[in-house]
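In: need a structure here:
(chains A and B)
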Amino acid sequence: MQIENKIKNTVAEAIKELYGQDVDSNSIQLNLTRKDQKGDFTVVVFPLLRISKKNPEETGKDIGNYLKEKLSEIAEFKVIKGFLNLLLSHSYWINSLNEIKDTEEYGFTHATDESPLTMIEYSSPNTNKPLHLGHIRNNLLGYSLSRIVASMGEKVVKTNIVNDRGIHICKSMLAWQKWGNGATPESTGKKGDHLVGDFYVKFDQEYKKEIAALMDKGLSKEEAEKQTKLMEEAREMLRKWEAKDPEVYELWKMMNEWVYKGFDETYKALGVDFDKIYYESETYSVGKEEVLRGLKEGLFYRKEDNSVWADLSAEGLDEKLLLRGDGTSVYMTQDIGTAKMRFNDFPIDKMVYVVGNEQIYHFKVLSLLLDKLGYKWGKDLVHFSYGMVELPEGKMKSREGTVVDADDLIAEMVNTAREMSKELGKLDGYTEEEAEKVYYTIAMGALKYFILKVDPRKNMTFDPKESIDFNGNTGPFIQYSYARIRSVLRKASDKGTAIPEKLNDNAELTEKETQLLKMVLNFPNIVEEAGKVYSPAIIANYAYDLAKEFNQFYHEMPIVFEEDALKREVRLVLSEKVGDIIKQSMWLLGIDVPERM
RNA sequence: GGCCUCAUAGUUCAAGGGAUAGAACAAGAGUUUCCUAAACUCUAGAUACAGGUUCGAGUCCUGUUGGGGCUACCA
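Out: You can find the predicted model right below:
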């Protein structure tokens, strides 16, 4: 909003003029005026007292007078305590509305060839089990971030690194071999990722049984864990896989295919996608080479058991394993390889990893290692670390069967949305197919908004029973507000009430209308802020506030039925723009809005 | 043990060092001859504790208490 800079500059000018001191206009504190006070913008004068050597009231008045004289947009000002509240003129607001009225995607900036490229990694599933609630948060955050960053005018590449190899995959494979009896997704009618996940669980059950048996024979828990045959077999399988043993390799390929098909369905339901997918089975060897190069260059060292380590004690961290004694790679090795491949593939300016906060340490280490290996971008990688999703009774544990499965949750949400819609009878006249689409839109709106409205850095609680509401501070509330606006506009057009090319300057705005318009005009700032601190929650909360404000406005005054043409036109244009901004905000969150609901 | 993080109404979440700490759900009371009541209006209810910095602290600093996480040859 340009007016803000104008005010700041003029305040700085006023200080120079009145008190003879230079101040940086950026240091001027200018806020939107609190709702309960009269005014549009507020200059905080407290910090200026040191310069003015006067009390807050007088200082505020001095500056207020100066501003009013210099800026025609300012209609009135009032000083309350240390706050200088500025009230802008009706014509200023009408002009602003006229200016943005026909701006497509107001507040968005589009990338050009020169724009920096940001790569965002998110999702990063393991192929041994289906996606759960934690992944949902990750996917929604990653996808929303990609849209927010793109709307700030950066080029964005969405990427996914699939953990398709390692001991955990071998556990599923081994269990399938031993107890699967050739089960396939087709033969069982199960989604592939769920089928494979079941065998992972099966492995764990059998493993525990074996440990218990060994402990009965008098072994300690630690000894028993080390001596299980099952784990030994799994390790053997991993060695065979790395040696590309044909039988193991074929099994691995087949089971992974099942999983990918399942994941694709879930991704599609979540409405997320990727521009480029990497597989650890393809990147880990690159990582190994890099580690060996580092070893040769003396950056790392080898222990007597042949394992390779990095010493990060100079950086205040520990020693870190990079390659096991048997030459197989670990998580870190793979991430090094993946990073190298990505930077070879794309001219990346900024790399963002959307990964849970439990891995803060891992990414600190990765950053240091990449830097040591000579990648100039290593230091600057961004770990977008988000909090865990917890259940009312605590953390989700897959082994205790308390995970909330992504597919189940989505299906449940759609069911609830359907029931509720039918009860309200809002979609009468829609075909079954059209109605289903709306149910889905509402269900996903509820789920996505619920997750995204929370500050990503914080842990959040999810209660599957009460879980998600469709009333109050929810996605459907915002969607409903949008549908309502569309309905109003349809009514207007049915009545033949045209929306004018340009609003008349003489139109006056009520306080509510000004408030709404102010929020609309603030949208670009919100997008920028959200992009700067990587927080979809800022967009979500803004969208809610805007929708709430609109609903109040809607109840307070007629729009289509307003008799006074000037007033009616303002309200129609304003409503339409609010609708646009709601739609854009929701788009940034990856949420669709229905025309009717 | 060390390091990181969080603590706000009964519950789930807000609050870029600024004014009387906002919402929603749950509880209670209202609003449909009028543009969608998935809405709107009203009532009641909160900054874990103790210090400090500041004109001003939920926000910054120190300590205490209580959650969560990391500190793995799991990924």
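In: Could you pull up the contacting residues of residue A:229?
Out: Taking C-beta atoms under 8 Å, 6 or more residues apart in numbering, we find residue A:229 in contact with residue A:210. Yep, even glycine has a C-beta here, placed from its N, CA and C like the rest.
In: per-residue confidence at residue A:557?
Out: Reported pLDDT at residue A:557 in the predicted model: 94.
In: Please report the number of neighbouring residues for it.
Out: Residue A:557 is flanked by 14 other residues according to other C-beta atoms under 10 Å.
In: List the residues that contact it.
Out: Contacts of residue A:557 (C-beta under 8 Å, 6+ apart): A:510, A:512, A:571.
In: If any of the residues you listed are buried, put those into a ChimeraX selection.
Out: Of the contacts of residue A:557, the buried ones can be selected in ChimeraX as follows, counting by 16 or more other C-beta atoms under 10 Å:
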select /A:512,571
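In: Can you tell me which of the contacts of residue A:557 is closest to RNA strand B?
Out: Among those, residue A:571 lies closest to RNA strand B (C-beta to the nearest atom of the strand), at 7.9 Å.
In: If residue A:80 is in a bridge, with which residues?
Out: Beta-bridge partners for residue A:80, by DSSP bridges, are residue A:83.
In: That one: neighbour count?
Out: For residue A:80, the count of nearby residues is 14 (other C-beta under 10 Å).
In: Cross the contacts of residue A:557 against helices and list the overlap.
Out: Counting by DSSP state H, the part of these found in helices is A:512, A:571.
In: now, which of the contacts of residue A:557 sits nearest residue A:328?
Out: Closest approach to residue A:328 among those (C-beta to C-beta): residue A:512, at 65.7 Å.
In: if we can go back for a sec, filter the contacts of residue A:557 by proximity to RNA strand B?
Out: Checking those against RNA strand B by C-beta under 7 Å from any atom of the strand, not one of them is in range.
In: Which helix or which strand is home to the closest residue to residue A:285 other than its chain neighbours?
Out: Using C-beta to C-beta, 6 or more residues apart in numbering and skipping residues adjacent in sequence, the residue nearest residue A:285 is residue A:337, 6.9 Å away. Per DSSP states H and E, residue A:337 falls inside helix A:331-345.
In: How far off centre is that helix?
Out: 23 Å (C-alpha atoms, centre = their mean, to the nearest Å).
In: buried stuff in that helix?
Out: Result for helix A:331-345 [16+ other C-beta under 10 Å]: buried residues A:331-343.
In: Sort out which one of the residues you listed lies nearest RNA strand B for me.
Out: Distances from RNA strand B to the buried residues of helix A:331-345, taken as C-beta to the nearest atom of the strand, are shortest for residue A:331 (3.5 Å).
In: Verify the stated contact: the closest one with residue A:361.
Out: No. At 11.7 Å, residue A:331 does not count as touching residue A:361 under the criterion of C-beta atoms under 8 Å.
In: distance of the residue of the stretch 351-500 of chain A found nearest RNA strand B from residue A:578?
Out: Proximity of the stretch 351-500 of chain A to RNA strand B (C-beta to the nearest atom of the strand) peaks at residue A:472, 2.1 Å away. When C-beta to C-beta, to the nearest Å is applied, the distance between residue A:472 and residue A:578 equals 19 Å.
In: now do residue A:315
Out: Distance from residue A:315 to residue A:578, by C-beta to C-beta: 51 Å.
In: more neighbours, the two?
Out: More neighbours surround residue A:578 than the other of residue A:315 and residue A:578, with 23 against 14 (other C-beta under 10 Å).
In: mind listing what the more buried one touches?
Out: Remark: with contacts taken as C-beta under 8 Å, 6+ apart, residue A:578 is in contact with A:485, A:516, A:520, A:546, A:550.
In: How about residue A:556?
Out: With contacts defined as C-beta under 8 Å, 6+ apart, residue A:556 is in contact with residue A:512.
In: Look up how far residue A:510 lies from it.
Out: The value you get for residue A:556 to residue A:510, if C-beta to C-beta is used, is 8 Å.
In: Measure how buried residue A:364 is and give me the count.
Out: Neighbour count for residue A:364, taken as other C-beta under 10 Å: 15.
In: Now do the SS call for it.
Out: What DSSP: H, G, I helix; E, B strand; the rest coil gives for residue A:364 is helix.
In: which residues touch the closest residue to it other than its chain neighbours?
Out: For residue A:364, ignoring the flanking residues on the chain, the nearest one in space by C-beta to C-beta, 6+ apart is residue A:317 at 7.0 Å. For residue A:317, the contact set (C-beta under 8 Å, 6+ apart) comprises A:361, A:364-365, A:368.
In: Tell me the buried residues in stretch A:24-32?
Out: Buried residues in stretch A:24-32 (16+ other C-beta under 10 Å): A:25, A:28, A:30, A:32.
In: between those residues, which is closest to RNA strand B?
Out: residue A:30 (6.1 Å).
In: these two touch, right, the closest one and residue A:4?
Out: Yes. Residue A:30 is in contact with residue A:4 according to C-beta under 8 Å; the separation is 5.8 Å.
In: and for those two, which residues touch both?
Out: Counting by C-beta under 8 Å, 6+ apart, the residues touching both residue A:30 and residue A:4 are residue A:41.
In: related to what we said a few turns ago, what about RNA strand B: which of the buried residues of helix A:331-345 touch it?
Out: A:331, A:334.
In: What is the nearest of the buried residues of helix A:331-345 to residue A:118?
Out: Closest to residue A:118 out of those is residue A:342 (11.9 Å), distances taken as C-beta to C-beta.
In: ok, the closest one - contacts?
Out: Contacts were defined as C-beta under 8 Å, 6+ apart; by that measure residue A:342 touches A:119, A:159, A:278, A:348, A:351.
In: quick one, domains of chain A?
Out: A:2-88, A:406-588 (automatic domain parsing).
In: how long is the shortest one end to end?
Out: Read that as domain A:2-88. 14 Å (C-alpha to C-alpha, to the nearest Å).
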